[in-house]
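> next one to model:
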Amino acid sequence: MKQLEIISSLPQWSRATPSAILDSPAFMMPCRIGDETSSLRHADVEPAASEALALSVAFGDEPHELLLARSPRFPELDKVWDSRSDIPEPVLLALVERECGPLFQMLENAVRKQMRLNGCLEVSKFGSLEKDQTSKPPNLQPSSFLALQASTDPAIVFSLTRSNAVVSALGSLRNLDLSHEAIRAQTLMAECEYAAFATAEADLAALAPGDAVLVPEMGSVSPRLVVDGRFVADSNGVAQCEKDALVHVRAAAGRAVSLGELFDAVENPPTIEPAAQGAQLKLVNDGRLVASGRLDKLADQLAFIVEAV
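Prediction:
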């Protein structure tokens, strides 16, 4: 399995709303600005309205507002930044469209709707879609603006209306940085599994304390890690945990593993030590605990000694 397949299999992420995904500190959308490969992340500092250029834009027929921070990335616009209020709006818009065209194209591609630059806004009126309920489009979300930055050199920082169209387009699992600590630090419960074998249902039902179940498989197969009951990490990497009718011999106590450890196991399979004699184990069949016990030897054969059923 790949890392994205792993996180897509976890309910907390597979059921996450686009808004929750977008709000994650791990949000990162790969993109291109002109010929340059870049990425969108949450801005370190929101652009201050009093120091930025407020623009009225539209994606399709939906009105949006874009607040653009000053950046040397737009050199010609930067030259007239301090006197931009003195420039006729048609002239300023033509300059903005020429300088910021690659950024606008990136946003159009990201939102997957044609973007149109409608005009400039007075800074005092920026955010009017939030303040003026009569002009508020039906797709505007309660927290009204997204502060983002593109990882160009230097960075491009802007705020954009947080609409359903924007959130649904950007809030995708593929737009998560899986190397981010907010993702990697999440923990899952895991169990070491040392062997699995087939036996009759009647034999399982007849188990009683003191019985010994020979498990020669423990000397012939490599231990593996069963994570969250969904994944198996072994010498082959990470795979889905498939249901079967076998009896599984596992460590009695589970342990927490991070999602980062599971991601790492995709390329670097974990090394799991065999169970030592006397180790506390359990027998599991179809997700059901069958018996608890310990590992011992019986006539030089590894055996599971039943202590409780």
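> residue boundaries of the strands in the stretch 51-200 of the chain?
Assigned by DSSP state E, counting those that start in this stretch, the strands in the stretch 51-200 of the chain fall at 53-59, 62-68, 115-120, 140-150, 156-163, 187-197.
> and the second one, which strands flank it?
Which is strand 62-68. Applying DSSP bridges, strand 62-68 is found paired with strand 53-59 (antiparallel), strand 156-163 (antiparallel).
> related to what we said a few turns ago, can you redo the strands of the stretch 51-200 of the chain as CSV with mean pLDDT?
CSV is the format used below for these (pLDDT from 0 to 100):
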stretch, mean pLDDT
strand 53-59, 96
strand 62-68, 95
strand 115-120, 95
strand 140-150, 75
strand 156-163, 96
strand 187-197, 94
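> out of those strands, flag the one nearest residue 12.
strand 187-197 (10.1 Å; C-beta to C-beta). C-betas here are computed from N, CA, C, even on glycine.
> coming back round to it: export the strands of the stretch 51-200 of the chain as a markdown table, with columns for mean neighbour count and distance to residue 84.
Output for the strands of the stretch 51-200 of the chain, formatted as a markdown table (neighbours: other C-beta atoms under 10 Å; distance: least, C-beta to C-beta, whole Å):
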| stretch | mean neighbour count | distance to residue 84 |
| --- | --- | --- |
| strand 53-59 | 20 | 7 |
| strand 62-68 | 22 | 11 |
| strand 115-120 | 16 | 9 |
| strand 140-150 | 19 | 21 |
| strand 156-163 | 23 | 16 |
| strand 187-197 | 19 | 50 |
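> using TSV, lay out the ones you listed together with distance to residue 74.
Output for the strands of the stretch 51-200 of the chain, formatted as TSV (distance: least, C-beta to C-beta, whole Å):
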stretch	distance to residue 74
strand 53-59	10
strand 62-68	8
strand 115-120	14
strand 140-150	12
strand 156-163	8
strand 187-197	44
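> for residue 15, find the nearest of the ones you listed.
Residue 15 sits nearest to strand 187-197 of all the strands of the stretch 51-200 of the chain, at 15.9 Å, using C-beta to C-beta.
> can you list the strands that the closest one pairs with?
If you go by DSSP bridges, strand 187-197 pairs up with strand 224-227 (antiparallel), strand 247-251 (antiparallel), strand 255-258 (antiparallel).
> still on that earlier bit, so which of the strands paired with strand 62-68 is nearest residue 2?
Closest to residue 2 of the strands paired with strand 62-68 is strand 156-163 (C-beta to C-beta; 30.2 Å).
> for this protein, just list every one of the helices.
Assigned by DSSP state H, the chain shows helices spanning 3-8, 11-14, 18-23, 75-79, 89-111, 128-131, 164-170, 181-184, 201-205, 259-267.
> lowest mean pLDDT across the ones you listed, which one is that?
Of all the helices of the chain, helix 128-131 carries the lowest average pLDDT, namely a mean of 47.
> circling back to that earlier point, may I see the strands paired with strand 62-68 organised as TSV, with distance to residue 276 added?
Formatted as TSV, the strands paired with strand 62-68 follow (distance: least, C-beta to C-beta, whole Å):
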stretch	distance to residue 276
strand 53-59	62
strand 156-163	55
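> quick one: closest of these to residue 118.
Closest approach to residue 118 among the strands paired with strand 62-68 (C-beta to C-beta): strand 53-59, 4.3 Å.
> pull the residues that contact that closest one.
63-68, 70, 77, 81, 84, 96, 104, 108, 111, 113-123, 125-126, 163, 165-166 (C-beta atoms under 8 Å, 6 or more residues apart in numbering).
> at 7 Å what do you get?
63-68, 84, 111, 113, 115-121, 123, 126, 165 (C-beta atoms under 7 Å, 6 or more residues apart in numbering).
> and for stretch 12-32?
So stretch 12-32 is in contact with 7-8, 38-42, 106, 110, 150, 167-168, 170-173, 175-177, 180, 182-183, going by C-beta under 7 Å, 6+ apart.
> which of those are buried?
When the contacts of stretch 12-32 are checked for burial by 16 or more other C-beta atoms under 10 Å, the buried set is 7, 38-42, 106, 110, 150, 167-168, 170-171, 175-177, 180, 183.
> re the thing from before, for residue 33, find the nearest of the strands paired with strand 62-68.
Comparison of the strands paired with strand 62-68 against residue 33 by C-beta to C-beta identifies strand 156-163 as nearest, at 7.3 Å.
> how far off centre is that closest one?
Put simply, strand 156-163 sits 21 Å off its chain's centre (C-alpha atoms, centre = their mean, to the nearest Å).
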